[in-house]
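*Asks:* Here is the input, now give the coordinates:
(4 chains)
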Number of protein chains: 2
Amino acid sequence: MDQTAPHFDSDLLDPPEAGSIYQAIRDDIVNGRLAPNERLVISALATRYGTSTNPIREALQQLRGEGYVVFSYNRGARVRSLDEDFIRDITEVQALIEPYLTELFVELVSDADIVRLESIQDEIEELNFADIYRHSALDTAFHRTLYDRHYNRLAFEQWWRNREIMGAISSRFPYSLSRRTAVLKEHRELIAALRGHDAPRACEVIARHTRGSGLHIVEHMRAARHRSQN
Amino acid sequence: MDQTAPHFDSDLLDPPEAGSIYQAIRDDIVNGRLAPNERLVISALATRYGTSTNPIREALQQLRGEGYVVFSYNRGARVRSLDEDFIRDITEVQALIEPYLTELFVELVSDADIVRLESIQDEIEELNFADIYRHSALDTAFHRTLYDRHYNRLAFEQWWRNREIMGAISSRFPYSLSRRTAVLKEHRELIAALRGHDAPRACEVIARHTRGSGLHIVEHMRAARHRSQN
DNA sequence: CGTTGACAGATAATGTACGATCTGAAAGCG
DNA sequence: CGCTTTCAGATCGTACATTATCTGTCAACG
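*Replies:* Model (predicted):
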């Protein structure tokens, strides 16, 4: 079973060495090694990734087009700052896309799919948020099972990008107890809806799931902001 | 001081000269001067826009991130090919975003907004598709009136990008008679729904409008493909 | 005679280096 | 204390070097 790592191709073939700088920078952003709003100095990145400046400049421009990086003229690039408003916005877009992607999956879901989802979910519950990175990987696998085979690659890529951005920020916060129980409950609810081929219910659950995830992040951000205002 | 500055027609916005190459290339794509699937040769573009290669390379990378351009390693860039599947995909995403954006507008619509929409619509009907470019500008103004003030800039930008891409392809086809009547009818229907603050109806109309627009393009593409297969 | 395959030159993408501004901030001056 | 000057560091544009791919010719072969 090819359990795919969080490795996602924007090109079909990974060029031997080419887009790897883009990949590396993007990974560093979504994993928090390059923090939101952090300045991205070209020469520093060039030495960091062991190349000259031009590949860095091009990678940053691509990331700019994807929304990970912002530029000011003659002042260089920064990692996009992820404030509460932006998380709210991205969450609402996800709450549109995910039910849309789910809707088709309800049509074409097979028994094997259900088994796979349940096995992932079993593992999630067994792990019980002990290892956050492992949990994140499992959660990603769960959702990708739903969306991977959708014909609409544009929507899928949009969803994936947004998910990575949200992951970048949410990995800094712990799961609250209420959020944990909600995640588990909603996953189980979704599986039940899929088994019954109940599209409206599946879409409702996934929309609730998505909104809850965003709200959870925003609440953490708000709390952190208040703490720092003492 | 005597800098024979290549002042492109006195700019009205933005940094002096910075992203203007990006803008120029994007405009050329969405206006069809650079056709779908056309090869984008860096040196050729450099001479075309009167600059060296690096700004071109960076602009293309940004456009890649936005989905206008695709790369293959060591083989350069092409304008994204817009096949029927992609139009279908982009249409379905638009059919998610536009009702979402409309929903809020129903809440905050003012009498002045209604007046403005009606005046645009009057002009559209008076023009009656005689000048396609003018019609397109008016139609854009109509829809932007609905979405411009939405707080979700991410969704707005996504909508705008998709709209420009669809405009790039649809401008090559004439409006069929049935499509013309549908457009006018749906705009009027939308205004009526807005006046009555009827959100569900407004969303339904705009979703139908969006899907119809996409379907219209796909039908033209299909017809053109069959013609060329003789 | 037509097709295929290899080779060489041309073309273009990718990487490196450098110089010309621009920015931001600290030092100098009134 | 505020304004100007200076200056290091960074961005942005230009030029060049290095490969990789494409094209067309020509000979070998069926």
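*Asks:* center of chain A, which residue is that?
*Replies:* For chain A, the residue nearest the mean C-alpha position is A:Arg163 (2.1 Å; C-alpha atoms, centre = their mean).
*Asks:* Confirm for me that it is in contact with A:Ile97.
*Replies:* No. A:Arg163 lies out of contact with A:Ile97 (C-beta atoms under 8 Å); the separation is 9.8 Å. Backbone N, C-alpha and C define where each C-beta goes, glycine included.
*Asks:* Then A:Tyr175 would be within a helix, right?
*Replies:* No. Assessed with DSSP: H, G, I helix; E, B strand; the rest coil, A:Tyr175 is coil; it does not lie in a helix.
*Asks:* residues contacting it?
*Replies:* A:129, A:132, A:183, A:216 (C-beta atoms under 8 Å, 6 or more residues apart in numbering or on different chains).
*Asks:* what sits against A:Arg201?
*Replies:* A:189, A:193.
*Asks:* Show me which residues of whichever helix in chain A runs longest are buried.
*Replies:* Ordering each helix of chain A by length in residues (DSSP state H) puts helix A:199-228 first. Within helix A:199-228, the residues that count as buried by 16 or more other C-beta atoms under 10 Å in any protein chain shown are A:199, A:201-210, A:212-214, A:216-218, A:220-221.
*Asks:* same deal with stretch A:185-193?
*Replies:* Buried residues in stretch A:185-193 (16+ other C-beta under 10 Å): A:186-187, A:189-191, A:193.
*Asks:* if we look at that stretch, which residues are touching it?
*Replies:* Contacts for stretch A:185-193 (C-beta under 8 Å, 6+ apart): A:102, A:106, A:114, A:117-118, A:121, A:124, A:142, A:199, A:201-202, A:205-206, A:208-209, A:212.
*Asks:* pLDDT weak spots in chain A?
*Replies:* A:1-18, A:229-230 (pLDDT under 70).
*Asks:* Any idea how many residues pack against the closest residue to chain B within it?
*Replies:* Going by C-beta to the nearest C-beta, chain B is nearest to A:Gly65 of chain A, at 2.2 Å. Residues lying near A:Gly65 (other C-beta atoms under 10 Å in any protein chain shown) number 22.
*Asks:* Just give the nearest non-adjacent residue to it, would you?
*Replies:* B:Gly65 (2.2 Å; C-beta to C-beta, 6 or more residues apart in numbering or on different chains).
*Asks:* host element of the nearest residue to A:Leu45 once chain neighbours are set aside?
*Replies:* Nearest residue to A:Leu45 in three dimensions, chain neighbours excluded: A:Ile56, at 4.7 Å (C-beta to C-beta, 6+ apart). Assigned by DSSP states H and E, A:Ile56 belongs to helix A:53-66.
*Asks:* Contact partners for A:Asp139?
*Replies:* A:124, A:183.
*Asks:* now do 7 Å
*Replies:* A:Asp139 is in contact with A:Ile124, counting by C-beta atoms under 7 Å, 6 or more residues apart in numbering or on different chains.
*Asks:* element containing it?
*Replies:* Applying DSSP H and E, one finds A:Asp139 within helix A:132-147.
*Asks:* Now do the buried residues in that helix.
*Replies:* Buried residues in helix A:132-147 (16+ other C-beta under 10 Å): A:135, A:137-147.
*Asks:* which one among those residues gets closest to B:Ser176?
*Replies:* Relative to B:Ser176, the closest of the buried residues of helix A:132-147 is A:Tyr147; by C-beta to C-beta it sits at 34.8 Å.
*Asks:* my guess is the closest one contacts A:Trp159, does it?
*Replies:* Yes. With contact defined as C-beta atoms under 7 Å, A:Tyr147 reaches A:Trp159; the gap is 6.4 Å.
*Asks:* what is in contact with these two at once?
*Replies:* A:Leu101.
*Asks:* how many neighbours does A:Glu118 have?
*Replies:* 14.
*Asks:* Assumed it was part of a helix.
*Replies:* Yes. The assignment for A:Glu118 by three-state DSSP puts it in a helix.
*Asks:* Get me the contact residues on chain A for DNA strand C.
*Replies:* Where chain A comes near DNA strand C, counting by C-beta under 7 Å from any atom of the strand, the residues are A:17-18, A:51-55, A:58, A:74-75.
*Asks:* quick one: which of the residues you listed is most hemmed in?
*Replies:* A:Glu58 leads the residues of chain A next to DNA strand C on contacts (other C-beta under 10 Å) with 22 neighbours.
*Asks:* Regarding A:Leu184, what is its secondary structure?
*Replies:* Applying three-state DSSP: A:Leu184 is helix.
*Asks:* Which residues does stretch A:34-46 contact?
*Replies:* By C-beta under 7 Å, 6+ apart, the list of residues contacting stretch A:34-46 reads A:25, A:28, A:52-53, A:56-57, A:60, A:69, A:76-82.
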